[in-house]
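Q: Here is the input, now give the coordinates:
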Amino acid sequence: MNLGDYQAGTYEAQYEYRSFLPAPIHHPWIIADPKLQTLLGQADRALGELNAFSQLVPDIEFFIRTYVVKEATLSSRIEGTQTSIEDAFKNAEDLQPEKRDDWAEVQNYIRAINYAIETLEKLPFSNRLLRETHAILMSGVRGQTKQPGEFRVSQNWIGVSLKNAVFVPPHHTHVSELMSDLEKFLHDDEVNVPPLIKIALAHYQFETVHPFLDGNGRLGRLMISLYLASEGLLSKPALYLSAYFEKNKTAYVDHLMAVREGNHIRDWLVFFLHGVKETAESAISVFRAIIQLKERIEREVLPRFSHRRQDNAQRLMRHLYQKPVVDIKEICLLLNTVPNTAGALVSDLIKYDVIKEVTGQQRNRIFVFGEYLYLFTR
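A: Numbering: from 1, shown residues only. Sure thing, here's the model as predicted:
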């Protein structure tokens, strides 16, 4: 099918409302548009550079853990939660009570991402993986009563009410068939479509099917990274598009709706590929800055510690790259030491401008590796 011949679907009359039934996507696609081909090449190159770069960065798993937290906070922010990256690293008891529900949703998303990444090593990208990840995403938080881990068996909608909805996805009787079609499309090697185009089409289709009663936005964005990892385009899960979608939230929503209402699939693909290119280039820039920061600290700060304290200082710094918000109790457990020793180490890192105290309290103090955390929020 040529992109110009694409028909997004049809509306079906239901009782007192209309639902949108998207056309299947598991069929041949012809991508002959010159601008799309050029942009696809640019996005592929940026993704390849990120993949190569990520394999050269020492201890990249530590840095990716912070990336995962960034993804969890930004993807959740699109859905209305207000947790910051710094707050996401804190314990629940360190937050004001009114912030804890949002914090819990972000923590679930972090667990869901980590579970999905680990499970990809033994289970292919599939509807089963999406359902299992969704169960973790929705467990014990708002939405926990909306069939976690199961495709919906009732109608959902986007908007204040079904009668006044901005968009009504397909009737639930179509969900299993449509999701099966999506899965076959992603795994059919005879459908000669570049992977980035495939996942762009699949993401649109997923969000249009809206197969779960809740959590579709977060899971739909996560599936982009999971698919790229499953296809070997990324050896490390280092690309997350939620920052791009959050920054361009109105355009993101408008493009999805423009496909449904006007068949503008080409414009969606252009928007998506721009996002891949921009996000990959941004991730490379962040990793470069991390390496420079790490080298500077190893050159200018760590040598100031005595030989006896060198091991503890290095262990704490390694920990801060994966969790840049800590307290004295956590440091004591990490280093198997007493509060006075941990406190002295912290005092020196504050003196050398590596970390800072953020509560202003004398007790239950929290310390942030601010220069590092800033790289993920700039």
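Q: Please identify the helix or strand for the residue most central in space within the chain.
A: By Cα atoms, centre = their mean, the chain has its centre lying nearest to residue 71, at 3.6 Å. Under the criterion of DSSP states H and E, residue 71 resides in helix 60-78.
Q: name the helices or strands packed onto that helix?
A: helix 85-88, helix 100-119, helix 216-230, helix 242-247, helix 265-300, helix 307-322 (3 or more Cβ pairs under 8 Å, 6 or more residues apart in numbering; DSSP states H and E). (Each C-beta comes from the backbone N, C-alpha and C, glycine too.)
Q: make it 6 Å
A: In terms of contacts (3 or more Cβ pairs under 6 Å, 6 or more residues apart in numbering; DSSP states H and E), helix 60-78 is packed against helix 85-88, helix 100-119, helix 242-247, helix 307-322.
Q: Could you dump those into TSV and include distance to residue 65 and mean pLDDT?
A: Converted to TSV, these look like this (distance: least, Cβ to Cβ, whole Å; pLDDT from 0 to 100):
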stretch	distance to residue 65	mean pLDDT
helix 85-88	11	91
helix 100-119	8	90
helix 242-247	16	93
helix 307-322	4	93
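Q: rewinding a little: chain neighbours aside, what residue packs nearest to the residue nearest to the centre of the chain?
A: residue 240 (3.9 Å; Cβ to Cβ, 6 or more residues apart in numbering).
Q: Number of residues surrounding the one you found?
A: 23 (other Cβ atoms under 10 Å).
Q: quick check, residue 132 in a helix?
A: Yes - remark: residue 132 belongs to a helix, assigned using DSSP: H, G, I helix; E, B strand; the rest coil.
Q: Now do it against residue 48, distance only.
A: From residue 132 across to residue 48, the span is 30 Å (Cβ to Cβ, to the nearest Å).
Q: neighbour count winner among those two?
A: Between residue 132 and residue 48, counted using other Cβ under 10 Å, residue 132 has the larger neighbour count: 17 against 13.
Q: residue contacts, the closest residue to that one other than its chain neighbours?
A: Nearest residue to residue 132, sequence neighbours excluded (Cβ to Cβ, 6+ apart): residue 149, at 6.4 Å. Counting by Cβ atoms under 6 Å, 6 or more residues apart in numbering, residue 149 touches 131, 134, 135.
Q: Same question for residue 231.
A: residue 195.
Q: counting contacts, what elements does the helix or strand containing residue 261 pack onto?
A: Per DSSP H and E, residue 261 falls inside helix 249-262. Other elements packing on helix 249-262 under the criterion 3+ Cβ pairs under 6 Å, 6+ apart are helix 265-300.
Q: re earlier: quick one, which of the helices and strands packed on helix 60-78 gets closest to residue 226.
A: Of all the helices and strands packed on helix 60-78, helix 100-119 sits nearest to residue 226, with 5.5 Å by Cβ to Cβ.
Q: follow-up on the earlier one: let's see the helix holding residue 261 as PDB, backbone CA atoms only.
A: C-alpha atoms of helix 249-262 as PDB (Å, rounded to 0.1, in the frame of the first residue of the first chain):
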ATOM      1  CA  LYS A 249       2.700  17.300  23.500                       C
ATOM      2  CA  THR A 250       0.100  19.300  21.500                       C
ATOM      3  CA  ALA A 251       1.700  18.300  18.200                       C
ATOM      4  CA  TYR A 252       1.900  14.700  19.300                       C
ATOM      5  CA  VAL A 253      -1.800  14.500  20.100                       C
ATOM      6  CA  ASP A 254      -2.700  16.500  17.000                       C
ATOM      7  CA  HIS A 255      -0.700  14.200  14.700                       C
ATOM      8  CA  LEU A 256      -2.400  11.100  16.100                       C
ATOM      9  CA  MET A 257      -5.800  12.600  15.700                       C
ATOM     10  CA  ALA A 258      -5.000  13.900  12.100                       C
ATOM     11  CA  VAL A 259      -4.300  10.300  11.100                       C
ATOM     12  CA  ARG A 260      -7.600   9.100  12.400                       C
ATOM     13  CA  GLU A 261      -9.600  12.000  11.000                       C
ATOM     14  CA  GLY A 262      -7.800  12.700   7.800                       C
END
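Q: Residues contacting it, please?
A: 8, 20, 204, 207, 245, 264, 265, 268, 271.
Q: Output the lowest mean pLDDT helix or strand found in the chain.
A: Lowest on mean pLDDT, DSSP states H and E among the helices and strands of the chain sits helix 60-78, with a mean of 86.
Q: by how many degrees do that helix and helix 216-230 diverge?
A: Put simply, helix 60-78 runs at 150 degrees to helix 216-230, going by axes from the mean of the first three to the mean of the last three Cα atoms, to 10 degrees.
Q: Taking the contacts of helix 249-262 together, which two end up most distant?
A: 20 and 245 (21.0 Å).
Q: re the thing from before, next, format the helices and strands packed on helix 60-78 as CSV and append distance to residue 184 and mean neighbour count.
A: Shown next, in CSV, are these (distance: least, Cβ to Cβ, whole Å; neighbours: other Cβ atoms under 10 Å):
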stretch, distance to residue 184, mean neighbour count
helix 85-88, 36, 19
helix 100-119, 20, 20
helix 242-247, 26, 20
helix 307-322, 38, 16
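Q: between the ones you listed, which one is nearest to residue 180?
A: Here helix 100-119 is closest among those (Cβ to Cβ), at 19.8 Å.
Q: same for the closest one, what does it pack against?
A: helix 60-78, helix 127-138.
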